[in-house]
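Undergrad: Model the structure of this input:
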Amino acid sequence: MRDDRIPVDLLVVGAGPAGLAAAIAARKAGVTSLVVLEREDEQGGILNQCIHNGFGLHRFREELTGPEYAQRDIDEAQALELDIRTGTTVLDITPDKLVTAVSRERGIQVFEAKAVILAMGCRERPRGALAIPGSRPAGVFSAGTAQKLVNMAGYMPGKRVVILGSGDIGLIMARRMALQGAQVLACVELMPYSSGLNRNIVQCLQDYDIPLLLSHTVVDIHGRERLSGVTVAAVGEDRQPLPGTEKYLACDTLLLSVGLIPENELSLSAGVQLSPATQGPVVNNLFETNIKGVFACGNVLHVHDLVDYVSRESAQAGQAAADYLLGARPCFLRSRVCDGQGVRGTVPQLLDIPCEQTPETVELMFRPDRVYQNHHVTVRTPEEVLLSQRRMIFTPGEMAEVKLGPAMLEQARGKTITVEITKEKQA
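TA: This is a model prediction of the structure:
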């Protein structure tokens, strides 16, 4: 080991809800040499700008705002005396777990870690990824940027607003802009269904009489110095604009809520394999990637609907990282999890099932590829059906989950597992 490298047992990248939950769990599991690096000047991640309530219902059984939810983990981390270094940007992670970071106070540092937890979160898809024709005036913002401007900087982006995309951030910002006195003309969604939670559609659009234009998109952006309007049009089943359906909406602000992408540049530099379906790392049921000792959790793994699920998953990753460092891992047989009909982005993609002991229950999470009503989620191996459960509705805006108990996992040990949505119950 070179003298200028800093040895550490566990290094966590990110001090948002995922990083904090993972670090807290690892410390409680006995990891004493632990450092958390966060590029922002404050802990808490995206929750700091989410001043609306609705957080914590599953985890704390009460309704909290984003900052209130984050503060609970910040307080616990402080009580555990975790070494959390804010204002520190991680520049690179190598496959052998050398982590290079830079900060104003310490300059460039290189950490030599025995284990790493990736918890960098996700970012918004920008306008450049959408190929929308038109000029490039001021007034086009991502929904998250607008949220930060309004909630943290006290700056109102505009007065007449159109929102493209119906993700949860866009829906929440429709309500927020309306509450601040703006006129929200419409929420425009390319798909025939919303990509946000149903409760947000009701509370953020319907309660404020904001139209939701399904199967529509923005086909032109107008304005020179400042946005003056957008043209929207209906789209067909091929998602291409239908001639003759164009409609001009005069507005000074366009907010983009067109999807979130896991923040995985550091994952790639570490040699981590990514999933085409989730755009996050491929992991096993211990949230370990293809690089031994490198774990991933939270929105860098797959984009979640609720922060409660992020915290639960990340605590499991922190425990798994601690077990890895302590050498507490039995022999196992690996099963591969595949997406079947109607299913995309099942996580975890691999199950490492112990050979000589009863496995613990594993939860698989996935998104349906469209809306299904009165269908079954079926989990099978090539030889048999492990389970087939009826659900009233599946929608892409809400993650679905299915639990595999110990008996099912023993049956699936070393086999390929397929998760699918079927019309009829499978036997």
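Undergrad: Point to the helix or strand of the chain where mean pLDDT is at its lowest.
TA: helix 198-200 (a mean of 89; mean pLDDT, DSSP states H and E).
Undergrad: quick one: average pLDDT of whichever helix or strand comes after that one?
TA: The helix or strand immediately downstream of helix 198-200 is strand 212-213, counting by DSSP states H and E. Averaging pLDDT along strand 212-213 gives 96.
Undergrad: From the contact counts, what lies against strand 212-213?
TA: strand 183-188 (3 or more Cβ pairs under 8 Å, 6 or more residues apart in numbering; DSSP states H and E). Any C-beta I mention is one placed from the backbone N, CA and C, and that applies to glycine too.
Undergrad: And the strand it packs on, what's buried?
TA: In terms of neighbour count (16 or more other Cβ atoms under 10 Å), strand 183-188 has its buried residues at V184, L185, A186, C187, V188.
Undergrad: Over to stretch 236-247?
TA: For stretch 236-247, by 16+ other Cβ under 10 Å, it's P241.
Undergrad: outside of that stretch, which residues touch it?
TA: Residues from elsewhere that reach stretch 236-247 (Cβ atoms under 8 Å, 6 or more residues apart in numbering): L190, M191, T217, V219, T231, V232, A233, A234, V235.
Undergrad: Recalculate using a threshold of 6 Å.
TA: Outside stretch 236-247, the residues within contact range by Cβ atoms under 6 Å, 6 or more residues apart in numbering are L190, V219, T231, V232, A233, A234, V235.
Undergrad: ok, the nearest residue to the fifth one once chain neighbours are set aside to R334 distance?
TA: Spatially, and ignoring its direct neighbours in sequence, A233 is nearest to P241 (4.2 Å; Cβ to Cβ, 6 or more residues apart in numbering). Look at P241 and R334: by Cβ to Cβ, to the nearest Å, they are 46 Å apart.
Undergrad: Tell me the pLDDT of the residue nearest to A233.
TA: 95.
Undergrad: Which segments of the protein make up each domain?
TA: 1-123+259-329, 126-258, 331-427 (automatic domain parsing).
Undergrad: Quick one: the helices in the stretch 151-300 of the chain, in order.
TA: 168-179, 198-200, 265-269 (DSSP state H, counting those that start in this stretch).
Undergrad: quick one: average pLDDT of stretch 398-416?
TA: Taken as a whole, stretch 398-416 has an average pLDDT of 94.
Undergrad: cool, stretch 167-176 as well?
TA: Mean predicted lDDT for stretch 167-176 stands at 94.
Undergrad: what's the answer for stretch 67-85, then?
TA: Stretch 67-85 comes out at a mean pLDDT of 98.
Undergrad: for stretch 179-197, same thing?
TA: For stretch 179-197, the mean confidence score works out to 93.
Undergrad: what's next to it, contact-wise?
TA: So stretch 179-197 is contacted by 156, 159-164, 166-168, 171, 174, 177-178, 201, 210-217, 232, 239, 249, 251, 305, 371, 397 (Cβ under 6 Å, 6+ apart).
Undergrad: Fine by me, we can end here.
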